[in-house]
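Student: structure for this input, please:
(4 chains)
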There are 4 protein chains.
Amino acid sequence: MTRKLRMGMIGGGKDAFIGAIHRIAANMDGLIELVAGALSINPEVATESGKMLFLDPERTYTDFKTMLEKEAAMPADKRLDFVTIVTPNFAHFEPAMMALDLGFNVVIEKPITISLDEAKQLKAKVEATGLSLLLTHTYTGYPMVKQARQMVKNGDFGKIRKVWVEYPQGWLSKLSEREGNAQAAWRTDPKRSGKAGAMGDIGTHAFNLAEYITGAKLEKLCADLNIVVPGRALDDDGGVLLRFDNGASGVLMASQVAAGEENALKIRVYGEKGGLEWAQHEPNTLLVKWLDKPTEIYRAGNGYGFQSSYMTHNTRTPGGHPEGYLEAFGNLYRNFAQTLSAKIDGTQPSAESLDFPGVEEGIRGMAFIDNVVKSSQSDVKWTNFEI
Amino acid sequence: MTRKLRMGMIGGGKDAFIGAIHRIAANMDGLIELVAGALSINPEVATESGKMLFLDPERTYTDFKTMLEKEAAMPADKRLDFVTIVTPNFAHFEPAMMALDLGFNVVIEKPITISLDEAKQLKAKVEATGLSLLLTHTYTGYPMVKQARQMVKNGDFGKIRKVWVEYPQGWLSKLSEREGNAQAAWRTDPKRSGKAGAMGDIGTHAFNLAEYITGAKLEKLCADLNIVVPGRALDDDGGVLLRFDNGASGVLMASQVAAGEENALKIRVYGEKGGLEWAQHEPNTLLVKWLDKPTEIYRAGNGYGFQSSYMTHNTRTPGGHPEGYLEAFGNLYRNFAQTLSAKIDGTQPSAESLDFPGVEEGIRGMAFIDNVVKSSQSDVKWTNFEI
Amino acid sequence: MTRKLRMGMIGGGKDAFIGAIHRIAANMDGLIELVAGALSINPEVATESGKMLFLDPERTYTDFKTMLEKEAAMPADKRLDFVTIVTPNFAHFEPAMMALDLGFNVVIEKPITISLDEAKQLKAKVEATGLSLLLTHTYTGYPMVKQARQMVKNGDFGKIRKVWVEYPQGWLSKLSEREGNAQAAWRTDPKRSGKAGAMGDIGTHAFNLAEYITGAKLEKLCADLNIVVPGRALDDDGGVLLRFDNGASGVLMASQVAAGEENALKIRVYGEKGGLEWAQHEPNTLLVKWLDKPTEIYRAGNGYGFQSSYMTHNTRTPGGHPEGYLEAFGNLYRNFAQTLSAKIDGTQPSAESLDFPGVEEGIRGMAFIDNVVKSSQSDVKWTNFEI
Amino acid sequence: MTRKLRMGMIGGGKDAFIGAIHRIAANMDGLIELVAGALSINPEVATESGKMLFLDPERTYTDFKTMLEKEAAMPADKRLDFVTIVTPNFAHFEPAMMALDLGFNVVIEKPITISLDEAKQLKAKVEATGLSLLLTHTYTGYPMVKQARQMVKNGDFGKIRKVWVEYPQGWLSKLSEREGNAQAAWRTDPKRSGKAGAMGDIGTHAFNLAEYITGAKLEKLCADLNIVVPGRALDDDGGVLLRFDNGASGVLMASQVAAGEENALKIRVYGEKGGLEWAQHEPNTLLVKWLDKPTEIYRAGNGYGFQSSYMTHNTRTPGGHPEGYLEAFGNLYRNFAQTLSAKIDGTQPSAESLDFPGVEEGIRGMAFIDNVVKSSQSDVKWTNFEI
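Tutor: From the prediction side, this is the model:
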């Protein structure tokens, strides 16, 4: 890379959760500079947020359209390289389309849009413009998730037979959306969140992780979604039986009413010769299980001689220095930045840099939401996974 | 108790796995004496096994019928108090019926019989004779499982919403039944094992544990059973969506092809205010999770002041002396022995002693097998749990 | 073995802690029968305890001398094979000497005696009589401790460099000996317990475990013993720097005022190529660490092909059925019983059966107490380990 | 804060380990900008490193003196706010003194200098100039370490009695300093590293952590340092008995030859009513142990209502998003930046911002090295901790 990339942000004002995360992830490696923002539709919040982030007041906007237009008119050496969209789900599509039209690469917080149809239009636009899009499915940024994927790919476990993935949270155990929790309010509101609640918010992460690690594609599913907390508009819990295109079966469990749980995302994959277990709670460890040998504890940052280059590429420290969620998030940004820079510099990004989730993952995630809701409403056992 | 109880054993010859476990469980507390056995249908094995167990050669039999007849004719002070049946599933019913007819109480290794119909007949017989039957669903003998059940019963977690129970094993990852593994051979043979494989062998344990801890009854289910290893006759893996009569939903996962797993039985239950997590791997710990407080680590054998009397009754040592599978198994025997002795002595057994699995659990287990197989073969999503 | 062995017990009346443990351990495998007891010096307790244990009233004694004399006069087919002594420390020596003189083998709860001098006399007596003595250092009965010892012996870790062993408990955090806790009362009383408190009670276990696993002998030490709770007569806490005869150094930590801890015995050993970690809390797991490879999780009861025969000999169940403290204790009894039976039968006990702690471990334990107390009182850094 | 702070770096060229860590830590929160560097004494490396970091070539220097002089001459709106020194230990003192003399605040990687004498001079200089100094004792930046310290301070555990702190690593198990490992080379070289090896490198961290959490000061110690790997010049392992000024005793263990360990820093503290346990391996968890209640699992980022403001101030994400080593390091920088900015802005930094290690911790760390080496060489048991 020959220079820092310039980022603009849409959404993510001073009290937002995920915007702050994106900024840390983008800052971490010193490859990206936040230079513009339409951080809030509330002008006061927008201004204050811009100040807190040391933005040039001239590049602090109160609506994304103005920002995209003005920034598009900037000279090449000031112009944004990409735009990060961290608004609620319903407000992803419009700025993303406009950004692409104006020649900006795009980062979008997942889920990519509020509907599959929007996602498809976005995909067409990405393809038409040739620009890059990063969808921040954070968990695939963890080094030991990379290691897991590579071991499956290498055939270390033989043919994959079984996938169990679960994502329990407890934070929606009460009707918090009526108690002034802004996060809860939009995430449980179909107009802002889409047709699924827990399955859209965290089920999609579990689904994405399962497909990423196994390299298999979901083929059919049987879902049971529940609204556990009375008065809620969207599912806050569900279980899904899975069948993959490689013959593997599985189960996906996601709940936001698992009282006492934080973000206990965990995946287990089993093949003919062994299996793996990874949990976000302790992300630097990958348990590698064997049919006829003791279980091994693979640790991030170690050079055993047989570690994946994708693991080492996504680790900043030697073994024993725990990296976490922000580093995983930072890996998405770093890989995206390396890919953009290679384009700018006219070089070829490494396979490791190119390994970040994009519009394809976005489409599959939206299709997962559609299919899981459809299946849950159906009396027939199996629903084909259709896009 | 005024004397040791006298036990006879059917099956469980020298190389059998579960017979040896039953003997340790029965021996442990010095309340029971093994005095007779029809340990094998192979006369040589029967004799040799009798010697190894220091049995009187006169009470070492080669078939259960002779044993039951001869022992029934013994004087009261030598006569067996109960008979333990540890043959493969298909050979539970006949000796159990005969034993009850001759006035012996009965212990049966689970599943209770090879079919629901047999189980119903056995139930009728138990009721008609007024004798006692212990079904060795071992896992409900663990002290922290007792603690869990009592906390749910107390309403500590509020209304129960969610049950996740899983039992992964890896030992049938290969076609071991064709490679001389005797355990594998009968367990995967429908004639000897019944209509389910993994679901009958370990799925029933998971099901029993879920109903025991929550006190709820399964109402409907949606099952996906698989034969993963080609050439196998019965399911070796499966996932089941659950709906309970208290409104809770859940997921049950059981697999014998989860390569690298031992007996990773684990249950999580969530209610309105909190949840619990128990895993057989570390059975002396119960994780107690709360919506608004730190997770607590309850440990067996501790007197916090709010521990369940059922936990302490089923613990032999103070906190910090790990008890395990054999003690859990021993608890079943001890409670059964205390109950029989109370009958003999004309006293009332304690509620804690009466807390052991019996014919009702046997019926429900067989119905689980029937319903799970039926559901798996159906294209309709939900199957009602019918007995 | 051709018959069950006959055991008599001295001490261990109905409310005693360790007597009950010894009985479970002895019962478990059906190799030993409790037939006589001088269970309490309180005649009422002795009688009641005898009844509870279904002892013949004629063999229920109120003092050990009468018991030993009467039992010595029994005919060979009724005579005790061995005597188990579970009285407080000060009351080990006399019955042990008398039992040996009368031809009984002996089991003694640790520490072997109240002083090194007594231990030496006992050793001479054992040697003179040719009888067997089992000292119940429970922790060396765990299968994964056996595995650990064998791996060190095999040289799997290269030359051993480092030993860290710790035994934190919290149960003496208050002055419980003044609050009616009988266990606390005698264990903190120099007349009944000996010259060390925590170091005698649990420090000796840690010391024994370290020497057992490493095969090395302590050569010099530097101790800092503390009386943390004001008003206590003996040390309730301490740290000791260690030097072994193989050049390894180490640290031993033992405390009974580590509030909130149960019996958190743990040992770590490091050599040139790797190391091991074992903790009583989860005794079926041995962590095996390597310089250039992932850490491995060895689990009891598994046949990896390279497991120690000492591990498998001391395991009753296949992997995944957690065994615990009582089984470890039972292993000591089983190995002792197999050794005695071989003597009776005129056969050679296996190396695995002979592997139980005896008078030599007793001597070293008493010397540890002497030396650790001496070092703690000294201003010189290093104290030679003298016997 | 009204603007980003400007940082210059001395040392930390492209292949250095700790320089990169400092930059990530400084970048993370978008509060600091790296604008100048004397990154290597090798001009080529310096230039290349400057490029990789997108530094202005005019502010890329090849020696720290030139950098400090030139930067001191810059106008106020370009001038460095502080200088970070990440050279080997022997090369901390000179640039730090010069930086302070020229009016720059200073960040120094620990240990602060190569000798206690240098540390004292530095302290005098800091006091004379009124400038700020951050010493990067990373581990005290972890949120759950802050929580631990506050709970001790609050008296939650009563009077503190016991401290066990350990830092095992395995990376110096071989004579790596002779095999081309540059890290190993300088760290085991007395001229570049100082008079202690493992005790200086990691023992000081353990010591600092113990004093930080307990608020107690070490008063005397008894050390046993070892050179385990033949041919090494400095200690690679050691155990130390501790006595604190509040009456607590303790043990410190540090080793770089604990084969198979990464950075297994762990501390346990026990008081009258309970204790705590924290390990770097899983830094978001603090185990809180109680005498009469179940152990509690405190988790970073949770609002239990009784969490420390120091914990929340040093956490970037809600519970369940694991933060790690880089965030802990980032917390040091963030607190330092907030403190500097408050000075610049003429406001009062918060107590939470002021909570970062400085010259006082540096002095005590150097004194620890001196005293531990002195004690190890002495035949007398206790050495007073002297500064």
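
Student: check contacts around A:Ser255.
Tutor: A:167-169, A:198, A:228, A:236-238, A:261, B:162, B:270 (Cβ atoms under 8 Å, 6 or more residues apart in numbering or on different chains). From N, CA and C alone the C-beta is placed, and that goes for glycine too.

Student: now it: how far from D:His321?
Tutor: Counting by Cβ to Cβ, to the nearest Å, the gap from A:Ser255 to D:His321 is 18 Å.

Student: do A:Ala185 as well
Tutor: A:Ala185 is 21 Å from D:His321, by Cβ to Cβ.

Student: what about those two, which has more around it?
Tutor: Using other Cβ atoms under 10 Å in any protein chain shown, the more surrounded residue of A:Ala185 and D:His321 is D:His321, with 22 against 16.

Student: contacting residues for the more buried one?
Tutor: A:263, A:324-326, D:301.

Student: least confident pick among those residues?
Tutor: Lowest pLDDT of the contacts of D:His321: D:Gly301, 91.

Student: what pLDDT does the closest residue to that one other than its chain neighbours get?
Tutor: Distances taken as Cβ to Cβ, 6 or more residues apart in numbering or on different chains put D:Gly319 closest to D:Gly301, at 3.9 Å, once the chain neighbours are dropped. At D:Gly319, the model reports a pLDDT of 90.

Student: wait, a strand at D:Gly319?
Tutor: No - checked against DSSP: H, G, I helix; E, B strand; the rest coil, D:Gly319 lies outside a strand; its state is coil.

Student: distance of it from D:Phe244?
Tutor: For D:Gly319, the distance to D:Phe244 equals 32 Å [Cβ to Cβ].

Student: neighbour count winner among these two?
Tutor: D:Phe244 (23 against 19).

Student: any chance you could map the helices in the stretch 151-300 of chain A?
Tutor: For the stretch 151-300 of chain A, the helices defined by DSSP state H, counting those that start in this stretch cover A:182-187, A:190-193, A:198, A:204-214.

Student: could you list the buried residues of whichever helix or strand A:Tyr333 is part of?
Tutor: Applying DSSP states H and E as the criterion places A:Tyr333 in helix A:325-345. For helix A:325-345, the neighbour count (16 or more other Cβ atoms under 10 Å in any protein chain shown) marks A:325-343 as buried.

Student: from the residues you listed, list the ones also adjacent to chain C.
Tutor: Taking Cβ under 8 Å from any Cβ of the partner chain as the test, chain C is in contact with none of these.

Student: for chain A, what helix or strand is lowest in average pLDDT?
Tutor: Counting by mean pLDDT, DSSP states H and E, chain A has its least confident helix or strand at helix A:182-187, which shows a mean of 81.

Student: name the helices or strands packed onto that one?
Tutor: helix A:190-193 (3 or more Cβ pairs under 8 Å, 6 or more residues apart in numbering or on different chains; DSSP states H and E).

Student: how about the next helix or strand after the helix it packs on and chain D, any contact?
Tutor: Helices and strands here follow DSSP H and E; after helix A:190-193, the next one along the chain is helix A:198. No - shown here: helix A:198 not in contact with chain D (Cβ under 8 Å from any Cβ), separated by at least 14.8 Å.

Student: and helix A:198, average pLDDT?
Tutor: 96.

Student: just give me the residue closest to the centre of chain A.
Tutor: A:His137 (1.3 Å; Cα atoms, centre = their mean).

Student: chain neighbours aside, what residue packs nearest to that one?
Tutor: That would be A:Pro357: by Cβ to Cβ, 6+ apart, it lies 4.3 Å from A:His137.

Student: now the strands for chain A?
Tutor: Per DSSP state E, chain A carries strands over the ranges A:5-10, A:32-38, A:82-85, A:105-108, A:133-135, A:160-168, A:218-226, A:237-244, A:249-255, A:266-271, A:274-279, A:285-290, A:295-299, A:383-384.

Student: who are the packing partners of the shortest one?
Tutor: Here strand A:383-384 touches strand A:218-226, helix A:359-377, going by 3+ Cβ pairs under 8 Å, 6+ apart.

Student: quick one: strands adjacent to that strand?
Tutor: Next to strand A:383-384 in the sheet, as set by DSSP bridges, lie strand A:218-226 (antiparallel).

Student: next, the angle strand B:249-255 makes with the strand it pairs with.
Tutor: Relative orientation of strand A:218-226 versus strand B:249-255 (axes from the mean of the first three to the mean of the last three Cα atoms, to 10 degrees): 140 degrees.

Student: average pLDDT for strand A:218-226?
Tutor: pLDDT averaged over strand A:218-226 gives 98.

Student: enumerate the residues of chain A near chain C.
Tutor: Counting by Cβ under 8 Å from any Cβ, chain A sits next to chain C at A:288, A:292-299, A:302, A:304-305.

Student: hmm, stretch A:257-270 in reach of chain B?
Tutor: Yes - contact between stretch A:257-270 and chain B, assessed by Cβ under 8 Å from any Cβ, occurs at A:257-261, A:268, A:270.

Student: so does that stretch get close to chain D?
Tutor: Yes - for stretch A:257-270 and chain D, the contact criterion (Cβ under 8 Å from any Cβ) is met by A:261-264.

Student: may I see these organised as JSON lines, with distance to D:Val152 and neighbour count added?
Tutor: Formatted as JSON lines, those follow (distance: Cβ to Cβ, whole Å; neighbours: other Cβ atoms under 10 Å in any protein chain shown):
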{"residue": "A:Glu261", "distance to D:Val152": "29", "neighbour count": "27"}
{"residue": "A:Glu262", "distance to D:Val152": "25", "neighbour count": "24"}
{"residue": "A:Asn263", "distance to D:Val152": "29", "neighbour count": "22"}
{"residue": "A:Ala264", "distance to D:Val152": "29", "neighbour count": "19"}
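
Student: what number of residues lie near the nearest residue to A:Tyr298 once chain neighbours are set aside?
Tutor: Distance criterion Cβ to Cβ, 6+ apart; nearest residue to A:Tyr298, sequence neighbours excluded, is A:Leu286 at 4.3 Å. Neighbour count for A:Leu286, taken as other Cβ under 10 Å: 25.

Student: now swap in the one 3 residues further on and tell me
Tutor: Neighbourhood size, A:Lys289 [other Cβ under 10 Å]: 25.

Student: ditto for A:Lys266
Tutor: 18.

Student: apart from its chain neighbours, what residue comes closest to it?
Tutor: A:Ala279 (4.1 Å).

Student: does that neighbour touch A:Ala264 like I think?
Tutor: Yes - in terms of Cβ atoms under 8 Å, A:Ala279 counts as a neighbour of A:Ala264; the distance is 7.0 Å.

Student: next up, the contacts around the residue in the stretch 101-250 of chain A that chain B sits nearest to.
Tutor: Here the stretch 101-250 of chain A gets closest to chain B at one residue, A:Gly239, 4.3 Å apart by Cβ to the nearest Cβ. Contact partners of A:Gly239, counting by Cβ under 8 Å, 6+ apart, are A:223-224, A:251-253, B:241, B:249-251.
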